[in-house]
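Asker: here is my input; please provide its structure:
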Amino acid sequence: MSRTEKPKRFAEGASLVKPGEKPAMSSLKTFAQLLPYSWRHWRGLAVVLITMLVSVGLDVLKPWPLKLLVDNVLGGQELPAGIDRVLSILPGSPGVKGLLIWVCLSTVLIFLAGMLMSMATTVASVAFGQRMTYDLGADLFLHLQRLSLIFHSRRSVGDTIARVTGDPYCIQVLITGVLLPLLQSMAALVTMFFVMYQLEPRMTLLALTVVPLMVLNIWLFGKRMRARGRRRRDLEARMMSVVQVALNAIPAVQAFTREEQEHALFQSHADDTVAAYKEATLADMWFKFFVGLVTAAGTAAIMWIGGQAVLDGRITVGTILVFLTYLASLYAPLNSITYTASTLQYATANAERVVEVLKTPVDVRDLPDARDVPLRGHVRYENVLFGYDPAHPVLKGISFEAKPGEVIAIVGPSGGGKTTLANLLVRFFDPWSGRITIDDHDLRQLQVRSLRQQVAIVLQDPFIFPLSVADNIAYGRPTARREQIVAAAVAAAADSFILKLPQEFETVVGERGATLSAGEKQRLSIARAFLKDAPVLLLDEPTSALDARTERQLLDVLDSLMKDRTTFIIAHRLSTIRNANRILVIDRGEIVEQGRHEELLARNGLYASLYRQQMEIAPAGSMSLNIPAGNGQRETDKKLEGVQL
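Answerer: Next up, the predicted model:
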């Protein structure tokens, strides 16, 4: 692939802001939404503010030893009455020599005090800023976990990770890099202006003529810097998504020898990101160039006027030296305020990405009167309508009933809505219309946490975490005792392989259970469901990814797990559903047939058609497969082993 070709995987995200586009919200509005995070740590904020104010006071004192040296030590002028009284109290030689000693000592003392205050401010700011950052990151992480599967299905994991781990630093920049420096600069500006006005009013007012030019500079460059900063951050997140996708699919990448193509894709996005960095940096450099030019011109004008005043004898050399020193100190907070606008634009670009997520409403939430109710498992779907796109419903008028202890199988062509039907039972989504009840309680009247704690799920992908085996089993019940975890493992027939692991139950498995076989991971998932001991059980194709031998070993375990529970099993393999109390056949979002296996075959409808298709493609001479029956009976069907419906 040539470097001019741009590999495509991710669509241009709607969140990407291109240069010249209007940002989603104003900087101040975004800032205001994150400001409350600073109040959580008000003590740290108070320490930072106090040390900053002391630093401002020390900055005001810095030029005075120089003035005393030039005017009073070298120039022979009389000391001001106040300074003369202070000097008479201090130890040391009287007269000019004593003044020289204290001028030198005061320079060192002011420097030491300033450095100590600067160190204290830095330490306090870092601690305060990091606490805010992690608070915001934690809230963002929690909110993301509560958002619906629809939200997550439409966003790349890499971008989401970037928003949680990188973007929350915006609060630290906004508070300790923008707000607090702005307050410090304002305090310094007012103090410096007061002192300078006392020294030379006309030159002080002239020095402030640069302010309108700085404001104009902020207005000209502000929006451009913000838009380019947002685009740069979005491109960084997209680059992270490339890495995340490739590493998650590393077996496929290697098997199909796609390493070079993935590298080219990363490089392509990296090139875009570098270009965005250049654009953002260039805008920032031009901004600072014009700020520096304005302050340099202002300083030159003051030097000209001040030099003329000294030559005319209107002011002393010490006065102009102190004034020029204060002028630098005056322009420093002015520049800081101006540069703060630049920092604000870039921090706001990250803050917008955070606020976008925090403002995303949680689709499934507890009603004010939601209850925590123990459930038995009597489930009803009453004319349920639901879809992911308002124009295209996935489920249309679904109605059925499942009594405690019954096994309800859900089958049908792919894309018919089987998994969606099951997801509604745990309130991953809420129906558009109709309702779902358990024990006559509308699911929306139950607390989401209470409902989900009473539903156990075994999925085709068991989602094994990089934790110990014991922690994986106890993931849905973290307070379980060790003997309960072991008992669940025994019930799931998982103890045999667990005891062979290096640290047995304390063995840490790899990412997504990479160190375990498919059957072992599924046994852990089943043990997790046993330990949860919920009245309602969802099995979403729990054996479809397993070979026939492993499936046979798990069927008895699943039969035991389903006992005395209301079970919904989504399956392609008839071996897991033939003895269900009722089979629901879903096609294009509707229940087109329902009944027992024999009844559905007799009707000669869709189920029978799919059954015959399986019969036709079943391999000759297949080994027999024991099927768990509702009454504990066993059935055999040589032709159906391993065949998917």
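
Asker: distance of the residue most central in space within the chain from residue 266?
Answerer: Per Cα atoms, centre = their mean, the C-alpha nearest to the average position across the chain is that of residue 164, at 2.1 Å. Distance, residue 164 to residue 266, using Cβ to Cβ, to the nearest Å: 21 Å. For every residue, glycine as well, the C-beta is placed using N, CA and C.

Asker: cool, residue 600 as well?
Answerer: Distance of residue 600 to residue 266, computed by Cβ to Cβ: 51 Å.

Asker: also residue 452?
Answerer: Distance of residue 452 to residue 266, computed by Cβ to Cβ: 38 Å.

Asker: wait, isn't residue 235 in contact with residue 276?
Answerer: Yes - counting by Cβ atoms under 8 Å, residue 235 does reach residue 276; the two are 5.1 Å apart.

Asker: could you identify the helix or strand that succeeds the helix or strand containing residue 435?
Answerer: For residue 435, the host element (DSSP states H and E) is strand 433-438. Proceeding N to C from strand 433-438, the next assigned helix or strand is strand 441-442, under DSSP H and E.

Asker: which helices and strands does whatever helix or strand comes next after that following strand pack with?
Answerer: Per DSSP H and E, the first helix or strand lying C-terminal to strand 441-442 is helix 448-453. Contact here means 3 or more Cβ pairs under 8 Å, 6 or more residues apart in numbering; DSSP states H and E; on that basis helix 448-453 packs against no helix or strand.

Asker: kindly point out the strands partnered with the helix or strand just after helix 448-453 and how each is oriented relative to it.
Answerer: Downstream of helix 448-453, the next assigned helix or strand under DSSP H and E is strand 455-459. Under the criterion DSSP bridges, strand 455-459 sits next to strand 536-540 (parallel) in its sheet.

Asker: got the CA positions of the strand it pairs with in CSV?
Answerer: Extracted in CSV, the C-alpha atoms of strand 536-540 (Å, rounded to 0.1, in the frame of the first residue of the first chain):
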residue,chain,number,x,y,z
VAL,A,536,-33.9,-16.5,36.4
LEU,A,537,-31.3,-17.9,34.0
LEU,A,538,-30.3,-16.7,30.5
LEU,A,539,-28.3,-19.0,28.3
ASP,A,540,-27.3,-17.3,25.1
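
Asker: that strand versus strand 433-438: what angle between them?
Answerer: Angle, strand 536-540 to strand 433-438, by axes from the mean of the first three to the mean of the last three Cα atoms, to 10 degrees: 120 degrees.

Asker: tabulate the CA atom coordinates of the following helix or strand past strand 536-540 in PDB.
Answerer: Remark: after strand 536-540, the chain's next helix or strand is helix 548-562, criterion DSSP H and E. Written as PDB, here are the backbone C-alpha positions of helix 548-562 (Å, rounded to 0.1, in the frame of the first residue of the first chain):
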ATOM      1  CA  ALA A 548     -19.200 -31.800  20.200                       C
ATOM      2  CA  ARG A 549     -17.200 -33.600  22.900                       C
ATOM      3  CA  THR A 550     -16.900 -30.500  25.100                       C
ATOM      4  CA  GLU A 551     -20.600 -29.800  24.500                       C
ATOM      5  CA  ARG A 552     -21.600 -33.300  25.700                       C
ATOM      6  CA  GLN A 553     -19.600 -32.700  28.900                       C
ATOM      7  CA  LEU A 554     -21.400 -29.400  29.600                       C
ATOM      8  CA  LEU A 555     -24.900 -30.500  28.800                       C
ATOM      9  CA  ASP A 556     -25.300 -32.400  32.100                       C
ATOM     10  CA  VAL A 557     -23.900 -29.400  34.000                       C
ATOM     11  CA  LEU A 558     -26.400 -27.000  32.200                       C
ATOM     12  CA  ASP A 559     -29.200 -29.400  33.000                       C
ATOM     13  CA  SER A 560     -28.300 -29.200  36.700                       C
ATOM     14  CA  LEU A 561     -28.000 -25.400  36.500                       C
ATOM     15  CA  MET A 562     -31.400 -25.000  34.900                       C
END
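
Asker: would you mark the buried spots in helix 548-562?
Answerer: Within helix 548-562, the residues that count as buried by 16 or more other Cβ atoms under 10 Å are 548, 550, 551, 552, 554, 555, 557, 558, 559, 561, 562.

Asker: tell me the SS of residue 385?
Answerer: With DSSP: H, G, I helix; E, B strand; the rest coil as the basis, residue 385 sits in strand.

Asker: that one bridge partners, please.
Answerer: Counting by DSSP bridges, residue 385 forms beta bridges with residue 433.

Asker: so what's it up against?
Answerer: For residue 385, the contacting residues are 393, 395, 396, 397, 398, 431, 432, 433, 434, by Cβ atoms under 8 Å, 6 or more residues apart in numbering.

Asker: the more surrounded of residue 600 and residue 266?
Answerer: residue 600 (21 against 16; other Cβ atoms under 10 Å).

Asker: tell me what the helix or strand that the more buried one is a member of is packed against?
Answerer: Of the helices and strands defined by DSSP H and E, residue 600 is found in helix 597-603. Secondary-structure packing of helix 597-603 (3+ Cβ pairs under 8 Å, 6+ apart): strand 582-587, strand 590-595, helix 606-617.

Asker: and residue 240, what does it touch?
Answerer: Counting by Cβ under 8 Å, 6+ apart, the residues that residue 240 touches are 158, 159, 161, 162.

Asker: please, which helix or strand holds the third one?
Answerer: Read it as residue 161. Per DSSP H and E, residue 161 falls inside helix 157-165.

Asker: contacts for that helix?
Answerer: The contact list for helix 157-165 (Cβ under 8 Å, 6+ apart) reads 13, 137, 140-141, 144, 152, 233-234, 236-245, 248, 353-354, 357.

Asker: if we go to 6 Å?
Answerer: Outside of helix 157-165, the residues within contact range by Cβ atoms under 6 Å, 6 or more residues apart in numbering are 137, 140, 141, 237, 240, 241, 244, 353, 357.

Asker: check stretch 516-536 too.
Answerer: For stretch 516-536, contacts defined as Cβ under 6 Å, 6+ apart pick out 375-377, 454-456, 458, 462, 464, 472-473, 475-477, 480, 488-489, 491-492, 494, 497, 509, 513, 545-546, 550, 557, 561, 566.

Asker: so for that stretch, mean pLDDT?
Answerer: Mean pLDDT, computed over stretch 516-536, is 84.

Asker: before we move on, what about stretch 202-217?
Answerer: If you average the pLDDT over stretch 202-217, you get 71.

Asker: now swap in stretch 264-275 and tell me
Answerer: Mean predicted lDDT for stretch 264-275 stands at 79.

Asker: buried set for that stretch?
Answerer: Judged by neighbour count using 16+ other Cβ under 10 Å, the buried positions of stretch 264-275 are 264, 265, 266, 268, 269, 272, 273.

Asker: with stretch 504-521 instead?
Answerer: Applying 16+ other Cβ under 10 Å to stretch 504-521 flags 505, 509, 513, 516, 518, 519, 520, 521 as buried.

Asker: end-to-end on that stretch?
Answerer: Stretch 504-521 has an end-to-end distance of 15 Å (Cα to Cα, to the nearest Å).

Asker: ditto for stretch 491-507
Answerer: Terminal residues of stretch 491-507 are spaced 19 Å apart (Cα to Cα).

Asker: touching it from outside, list them.
Answerer: So stretch 491-507 is contacted by 468, 469, 470, 489, 520, 523, 524, 526, 527, 530, 557 (Cβ under 6 Å, 6+ apart).

Asker: for that stretch, buried residues please.
Answerer: Using 16+ other Cβ under 10 Å as the test for burial, stretch 491-507 gives 491, 492, 493, 494, 495, 497, 498, 501, 505.

Asker: in helices, which of the residues you listed appear?
Answerer: Among the buried residues of stretch 491-507, the members falling in helices (DSSP state H) are 491, 495, 497, 498.

Asker: ok, and the closest non-adjacent residue to residue 432?
Answerer: residue 385 (4.8 Å; Cβ to Cβ, 6 or more residues apart in numbering).
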